[in-house]
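In: Sequence plus the predicted model coming up.
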Amino acid sequence: MSQLVYKSKINKIRTFALSLIFIGMIIMYVGMFARKIQWLMLILFLIGVVCILLSCVVYLWIGMLSTKAVPVICPSCQKPTKMLGRVDACMHCKEPLTMDKALEGKEFDENYNKRRYRKNHAEK
Ligand SMILES: [Zn+2]
């Protein structure tokens with residue numbers, strides 16, 4: 001059996017925001033070494049600032065998503081987690097969860113959240 005591990009969407013976005021901060025800091029750090037080439041330093045600093053600002057936006061976005069997420073108790077680890085969309089994974093044990101009874105027991109597929117899939121499914 002393949003051991004595919006699914007990450008909860010909120011956790012995924014959080015990791016993305018955190019890596020953006022680090023990327024921004026690394027770019028600014030590199031910019032310090034390019035002090036002698038002023039235009040390069042300026043560009044690197046600007047990119048760094050944009051990365052950090054972007055991560056702030058992503059954090060705000062997570063905050064808004066969290067209010068829309070449905071809190072559920074994970075059936076496998078009994079811990080409270082939040083779900084986004086029809087299928088998502090538990091934040092703690094990565095157990096695939098579904099809101100849709102029709103999808104229960106089916107293999108976890110990120111495609112269930114895509115609009116096109118839903119449309120195709122409804123037409124059948
Ligand atoms: Zn769990």
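Out: Here it is on my side, so go on.

In: Name the residues of the chain found near the ion, please.
Out: On the criterion C-beta under 5 Å from the ion, the ion has as its neighbours in the chain the residues 74, 76-77, 90, 92-93, 95. C-beta coordinates here come from the backbone N, C-alpha and C atoms, glycine included.

In: would you turn the residues you listed into TSV with distance to residue 30 and neighbour count?
Out: Putting the residues of the chain next to the ion into TSV (distance: C-beta to C-beta, whole Å; neighbours: other C-beta atoms under 10 Å) gives the following:
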residue	distance to residue 30	neighbour count
74	42	18
76	44	12
77	41	14
90	38	24
92	36	15
93	38	14
95	40	16
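
In: Looking at those residues, which are in helices?
Out: Secondary structure assignment by DSSP state H places none of these in helices.

In: and the helix of greatest length in the chain, what does it pack onto?
Out: The single longest helix within the chain, with elements called by DSSP H, is helix 38-68. For helix 38-68, the contact count by 3 or more C-beta pairs under 8 Å, 6 or more residues apart in numbering; DSSP states H and E identifies helix 9-33 as packing neighbours.

In: doesn't residue 51 make contact with residue 23?
Out: Yes: when contacts are counted by C-beta atoms under 8 Å, residue 23 is listed as touching residue 51 (5.3 Å).

In: more neighbours, those two?
Out: Taking neighbours as other C-beta atoms under 10 Å, residue 23 and residue 51 compare with residue 51 leading, 19 against 16.
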